[in-house]
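Visitor: Everything below, folded, please.
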Amino acid sequence: MASKKQKQNRSFAEKLLRIRGKDYEEWLEQHQQVIQNNQELILEALEAKLSFKSQAHQD
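Guide: Presented below is the predicted three-dimensional model:
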């Protein structure tokens with residue numbers, strides 16, 4: 001469930017986008033597309049973080 005702050009941020013974003021003539025759902029789809037297009041990079045970064053964390057515990 002979204003917090004009050006999250007709901008407020010979404011409301012701000014929706015209104016700002018509407019003022020700029022953009023649709024919130026289209027904008028959200030673009031963000032999701034960026035994530036999908038970069039899944040390999042994201043997974044590599046997560047693996048690197050896990051590896052680093054694992055090595056730090058061994059030292």
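Visitor: make it CA atoms for all contacts and neighbour counts henceforth
Guide: Fine.
Visitor: now the strands: where do they sit in this protein?
Guide: With DSSP state E, there are no strands along the chain.
Visitor: Can you list the low-confidence ranges for it?
Guide: The chain contains residues with pLDDT under 70 at 59.
Visitor: try it again with 50
Guide: Along the chain, the model assigns pLDDT under 50 to no residue.
Visitor: ranges for the helices of it?
Guide: Secondary structure of the chain (DSSP state H): helices at 4-19, 24-37, 39-58.
Visitor: residues in contact with stretch 17-35?
Guide: With C-alpha atoms under 8 Å, 6 or more residues apart in numbering as the test, stretch 17-35 has contacts from 13-14.
Visitor: Buried ones in it, by neighbour count?
Guide: Using 16 or more other C-alpha atoms under 10 Å as the test for burial, stretch 17-35 gives Tyr24.
Visitor: roughly how far out does that stretch sit from the chain middle?
Guide: 13 Å (C-alpha atoms, centre = their mean, to the nearest Å).
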